[in-house]
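Novice: task: produce atomic coordinates for the following.
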Amino acid sequence: MLTAKVVDNIWSTRKTDLLMGRKLMLLEVIGGGSNEGERLVAVDDVGAGVGERVLVALGSSARRMVGDDMIPTDAAIVGIIDEDCEF
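Specialist: All right, here's what the predicted structure looks like:
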């Protein structure tokens, strides 16, 4: 799982039927690490908006979160970050 910021909406009029009705968002990875600044597209079932920080599940976990192991995605927004905690 990683943290990211929602950069924009992704609009696609032609896509696989398995993605029909799914909201797609463009994300930028934040929070340090070797992939900071990397961009990816994720399915959004939690209603995140542009500018929000989110939690992202990857791989088979992402497909399970959207309830379909056959959906062609490897990233899904699974939560919206309200505030950071320091440990």
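
Novice: contact partners of stretch 31-46?
Specialist: With contacts defined as C-beta atoms under 8 Å, 6 or more residues apart in numbering, stretch 31-46 is touched by 2-4, 7, 10, 19, 22-30, 54, 56, 62, 65-66, 71, 73, 75-80. Quick note: C-beta positions are derived from backbone N, CA and C, even for glycine.

Novice: how about that stretch: buried residues?
Specialist: Under the neighbour-count criterion of 16 or more other C-beta atoms under 10 Å, stretch 31-46 has 40, 42-44 buried.

Novice: among those residues, which ones are in strands?
Specialist: Among those, DSSP state E puts 40, 42-44 in strands.

Novice: these: which two are farthest apart?
Specialist: Largest separation among these by C-beta to C-beta: L40 and D44, giving 12.2 Å.

Novice: pull out the buried residues from the contacts of stretch 31-46.
Specialist: With neighbours counted using 16+ other C-beta under 10 Å, the contacts of stretch 31-46 contain these buried positions: 2-4, 22, 24-27, 29-30, 54, 56, 62, 65-66, 71, 73, 75-78.

Novice: same for the lowest-mean-pLDDT helix or strand in the chain, what does it pack against?
Specialist: Ranking every helix and strand in the chain by mean pLDDT, DSSP states H and E puts helix 60-65 at the bottom, with a mean of 82. For helix 60-65, the packing partners by 3 or more C-beta pairs under 8 Å, 6 or more residues apart in numbering; DSSP states H and E come out as strand 75-80.

Novice: just the closest of the buried residues of stretch 31-46 to K15, please.
Specialist: Nearest to K15, judged by C-beta to C-beta, of those is V43 at 11.4 Å.

Novice: thinking again about what came up before, let me have the ones in strands among the buried residues of stretch 31-46 in CSV, adding distance to S34 as columns.
Specialist: As requested, these are exported to CSV (distance: C-beta to C-beta, whole Å):
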residue, distance to S34
L40, 14
A42, 19
V43, 24
D44, 25
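
Novice: from these, which single one is nearest R14?
Specialist: Using C-beta to C-beta, V43 is the member of these that lies nearest R14, at 16.9 Å.
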